[in-house]
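**Student:** Build me a structure from this.
(one chain, ligands or ions: 2)
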Amino acid sequence: MDYKYDHILIRYGELSLKGKNRNTFIKQLHENIKKATKGFPTLEIERQHDRMYIYLHDEDANQVKDVIAKVFGISSFSFAIKTNSDMDEIIQACMQTLPLQEKKTFKVAARRSDKNFPIISDQINRMVATSILKNSEWKVDVHNPDVKIVIEVHADATYIMTDKYPGAGGYPVGVGGKAMVLLSGGIDSPVASYLMMKRGVRIECIHYASPPYTSENAKEKVMELARLVSGYQGDLLVHIVPFTNLQLAIYQNADESYAITLMRRMMMRIAAGLAQNRKALAICTGESVGQVASQTLESMVAINEVTNLPMIRPVVCMDKIEIIDLAKKIGTYETSILPYEDCCTIFTPKNPVTKPRVDKCKQYEARFDYEALVQECIENVQSIWVHPQKEEGDLF
Ligand code: ATP
Ligand code: MG
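**Tutor:** Ligands and ions are numbered 1, 2, ... in the order given. A predicted model of the protein is given here:
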């Protein structure tokens, strides 16, 4: 496909449902697209009420397409050619752009959003089709054409398109506040991150590392996952929590069967502290009911008990197969299945409690000064920016 497209036309999705907020959303989407495409210096974005147009100039349409496909708030987009709203120019643009030397079937679908344009849609269709039929071996097929030529006539310009690509859907990241996502090296939490961002919520990630029990490789893997996930919001701050001392203290003071539950409670306390520092309004995890012994409703009760912040679990009711499919689709699966340990797999007890009791958690926690250790974790966090295109960023 080497049509000489000079524009990408962007259609808004669920945005149109949100009446009053529409302007905020469009503004945010515009900003997000600007940010996502800043690696393409000659590109220009024009924002209109119901569409956005990207003028490609010297940029490669397919490279821009890959970036645009990840921006939430876009329902679909198309490569387009822009002409003046003049019938001769419209026909000429079609003739120059369509691959008329190949044998194809086609259909023309014109729409006048400018009702002052003197020619009605049907007539535009007929004029363009006649010209194509005269100058090529193309044949009309209104039901199942190889090429559907969409012509949108506006007052100031006309756009001609032949393809329509699905957008990422959802809402523009940033319109829904901010959440802290607990990002492990597994399959589920990158998917949870994706789903959270898709609702328009900007995320920062927290990873608990327990060196020397967890390796530098494990951390690098998480940073790579964060980088992959950052493609959906532009950039991403990752907080690496030095978790070893707290984890060791848990093992010294509690029954092994409660270790995972207590560890999760500590994770949430640290996450709540970081959320407060970073003005985030929720904590998000990749937990799924029933998936492993520690992910039961009883366990969630015990975990939620340490903070009032909303605990969002986007994959809570998904099957592992569904989560894996989504991980593959968003491009994190291959990295997730690399074999490095995270802090949970290293201390996995033989018989984790499936129905932990809050009073027992409190009993164990009373045996040591966990608050000081939690505080130490929050204070010694290492915060690193990651960007979709760049290597690991600067220290924050
Ligand atoms: P995942 O595939 O996301 O690792 P999992 O099925 O392995 O999930 P668990 O290991 O029980 O499940 O973890 C449940 C959730 O707790 C994770 O999805 C993640 O949100 C959080 N979590 C677990 N370990 C860590 C860690 N080391 N750092 C940050 N978050 C973690
Ligand atoms: Mg895990």
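**Student:** Tell me where the model's unsure across this protein.
**Tutor:** Applying pLDDT under 70 to the chain picks out residues 1-3, 13-19, 291, 342-347, 390-396.
**Student:** in it, which helix has the most residues?
**Tutor:** Using DSSP state H to define each element, the chain has its longest helix at helix 259-278.
**Student:** Convert that helix to CSV, retaining C-alpha atoms only.
**Tutor:** Output in CSV follows, covering the C-alpha atoms of helix 259-278 (Å, rounded to 0.1, in the frame of the first residue of the first chain):
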residue,chain,number,x,y,z
ALA,A,259,3.7,-14.2,55.4
ILE,A,260,2.0,-13.5,52.1
THR,A,261,-1.0,-11.8,53.7
LEU,A,262,1.2,-9.6,55.9
MET,A,263,3.5,-8.8,53.0
ARG,A,264,0.5,-7.6,51.0
ARG,A,265,-0.7,-5.5,53.9
MET,A,266,2.8,-3.9,54.1
MET,A,267,2.8,-3.3,50.3
MET,A,268,-0.6,-1.5,50.6
ARG,A,269,0.7,0.7,53.5
ILE,A,270,3.7,1.7,51.5
ALA,A,271,1.5,2.2,48.4
ALA,A,272,-0.9,4.4,50.4
GLY,A,273,2.0,6.5,51.7
LEU,A,274,3.4,6.9,48.2
ALA,A,275,-0.1,7.7,46.8
GLN,A,276,-0.4,10.5,49.4
ASN,A,277,3.0,11.9,48.4
ARG,A,278,2.2,11.7,44.7
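**Student:** In it, which residues are buried?
**Tutor:** Within helix 259-278, the residues that qualify as buried by neighbour count (16 or more other CB atoms under 10 Å) are 259-275. Placement of C-beta: from N, CA and C, glycine included.
**Student:** Equivalent analysis for stretch 219-235, please.
**Tutor:** For stretch 219-235, the neighbour count (16+ other CB under 10 Å) marks 219, 221-234 as buried.
**Student:** now stretch 40-55
**Tutor:** Residues of stretch 40-55 classed as buried by neighbour count (16+ other CB under 10 Å): 40, 43, 51, 52, 53, 54.
**Student:** How many neighbouring residues does the closest residue to ligand 2 within the stretch 1-150 of the chain have?
**Tutor:** Going by CB to the ion, ligand 2 is nearest to residue 70 of the stretch 1-150 of the chain, at 24.4 Å. By the criterion of other CB atoms under 10 Å, residue 70 has 21 neighbours.
**Student:** Now do the phi/psi pair for the most centrally placed residue in the chain.
**Tutor:** Central residue of the chain (CA atoms, centre = their mean): residue 232, 3.4 Å from the mean position. For residue 232, the backbone dihedrals are phi -90, psi -10 (criterion: degrees, to the nearest 10).
**Student:** residues touching it, list them.
**Tutor:** Going by CB atoms under 8 Å, 6 or more residues apart in numbering, residue 232 touches 70, 71, 72, 168, 173, 193, 194, 197, 198, 330.
**Student:** Helix, strand or coil: sort out the first one for me.
**Tutor:** When you say that, I think you mean residue 70. Three-state call for residue 70 (DSSP: H, G, I helix; E, B strand; the rest coil): coil.
**Student:** Between the two ends of stretch 70-78, how far is it?
**Tutor:** With CA to CA, to the nearest Å applied, stretch 70-78 spans 14 Å between its terminal residues.
**Student:** ok, now stretch 332-339?
**Tutor:** Taking CA to CA, stretch 332-339 runs 14 Å from one end to the other.
**Student:** is any part of it close to ligand 1?
**Tutor:** No - between stretch 332-339 and ligand 1, judged by CB under 6 Å from any ligand atom, nothing touches; the nearest distance is 6.8 Å.
**Student:** Just give me how far that stretch sits from the chain centre.
**Tutor:** Relative to the centre of its chain, stretch 332-339 is centred 18 Å away, using CA atoms, centre = their mean, to the nearest Å.
**Student:** Leaving out chain neighbours, which residue sits closest to the residue of the stretch 151-300 of the chain found nearest ligand 1?
**Tutor:** Closest residue of the stretch 151-300 of the chain to ligand 1, CB to the nearest ligand atom: residue 186 (2.0 Å). Once flanking residues are discounted, residue 186 sits nearest to residue 336: 5.9 Å by CB to CB, 6 or more residues apart in numbering.
**Student:** just the strands in the stretch 51-200 of the chain please.
**Tutor:** Ranges of strands within the stretch 51-200 of the chain are 51-55, 74-83, 105-112, 139-140, 147-153, 158-161, 165-166, 178-182, based on DSSP state E, counting those that start in this stretch.
**Student:** Give the other helices and strands that the fourth one contacts.
**Tutor:** Contacts of strand 139-140 with other secondary structure elements, assessed using 3 or more CB pairs under 8 Å, 6 or more residues apart in numbering; DSSP states H and E, are made with strand 105-112, helix 121-135.
**Student:** for the ones you listed, which one sits closest to residue 253?
**Tutor:** Evaluated over the helices and strands packed on strand 139-140, closeness to residue 253 peaks at strand 105-112, with 69.4 Å, by CB to CB.
**Student:** Can you give me the domain boundaries for this structure?
**Tutor:** Structural domains assigned to the chain are 7-166, 178-386, following the TED database.
**Student:** so how far is the first residue of the shortest one from its last?
**Tutor:** In this case it means domain 7-166. Domain 7-166: ends 16 Å apart by CA to CA.
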